[in-house]
Structures are given as C-alpha cells and as structure tokens.
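**Q** sequence? don't have it. structure:
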C-alpha cells in the first residue's frame, strides 16, 4: 500500500510533468498557442509582434522547428538576413530532413 501511495503521489506526477514539459510554457501558454498568435499578427502585418510570439514559442520549446522557420521568414521579409540564416540553421540542426529550410537558407545566403 505504501509503495502504491508513493507511486501515485510522487513518482507519477513527476513523470507526467517530464513528459508534458516540452508542451507547456512557464507562462501557461502552449507553444502552439504562440504560433497561432504569431499567425494572427502576421496577417495583420504586425511583424515585430509575430517575432515576439515566435520567440516565446521557441523559449517554451527550443526544438520548435516551425517557430524557427516562420521567424526566419519574417527576418527575410525585414531584410535581416543574418538572423534569418541563424534560424534556418537551427531548423536544419533540429530536423536535418526539413528541405524547405535548406532551400530558404540557400536563398538567404545568396541574397546576402
């Protein structure tokens, strides 16, 4: 009985927290929610706000390939090719088979 109590009160909640940690930000907003907010800002032409949301998504999940990729695209649009290339490199480091990132990175390097 004591083992069951220890398992359900201590170990199980810890395992759940570890498993869910990449999906939950410390501010209580999921990375996907930040991506959604960034999309709304992009459609409204609010690039800086979109960058802020994407940065929050990255901070809450440093392996968020979409957030890096979309933020890189905004940087290209702003003419900030150095930052775009950094983000595209992050994408290909996290997900080496992300073909669009290689293409976009190559374009950014050529334009620079």
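**A** All right, it came through fine. Values in this document were obtained by computation on a predicted structure and should not be read as measured data.
**Q** switch to C-alpha atoms for all contacts and neighbour counts from now on
**A** OK.
**Q** so after the helix or strand of the chain with the lowest mean pLDDT, what's the next helix or strand?
**A** Least confident element among the helices and strands of the chain, by mean pLDDT, DSSP states H and E: helix 12-20 (a mean of 38). Downstream of helix 12-20, the next assigned helix or strand under DSSP states H and E is helix 31-43.
**Q** which parts of that next one are buried?
**A** Using 16 or more other CA atoms under 10 Å as the test for burial, helix 31-43 gives 31-32, 34-35, 37-39, 41-42.
**Q** ditto for stretch 74-85
**A** Residues of stretch 74-85 classed as buried by neighbour count (16+ other CA under 10 Å): 74-76, 81, 83-85.
**Q** list just the nearest of those residues to residue 51.
**A** Closest approach to residue 51 among these (CA to CA): residue 74, at 7.4 Å.
**Q** residues contacting the closest one?
**A** Shown in contact with residue 74 (CA atoms under 8 Å, 6 or more residues apart in numbering): 47, 51, 84.
**Q** could you say which helix or strand holds residue 50?
**A** helix 47-60.
**Q** what sits closest to residue 91 if chain neighbours are left out?
**A** Leaving aside its sequence neighbours, residue 91 sits nearest to residue 65 (CA to CA, 6 or more residues apart in numbering; 5.4 Å).
**Q** hmm, the one you found is touching residue 96, no?
**A** No: here residue 65 does not reach residue 96: they are 10.6 Å apart, not a contact under CA atoms under 8 Å.
**Q** hmm, residue 68 is touching residue 54, no?
**A** Yes: in this structure, residue 68 is within contact of residue 54 by CA under 8 Å, at 7.3 Å.
**Q** per-residue confidence at residue 53?
**A** Reported pLDDT at residue 53 in the predicted model: 96.
**Q** what count of nearby residues applies to it?
**A** 23 (other CA atoms under 10 Å).
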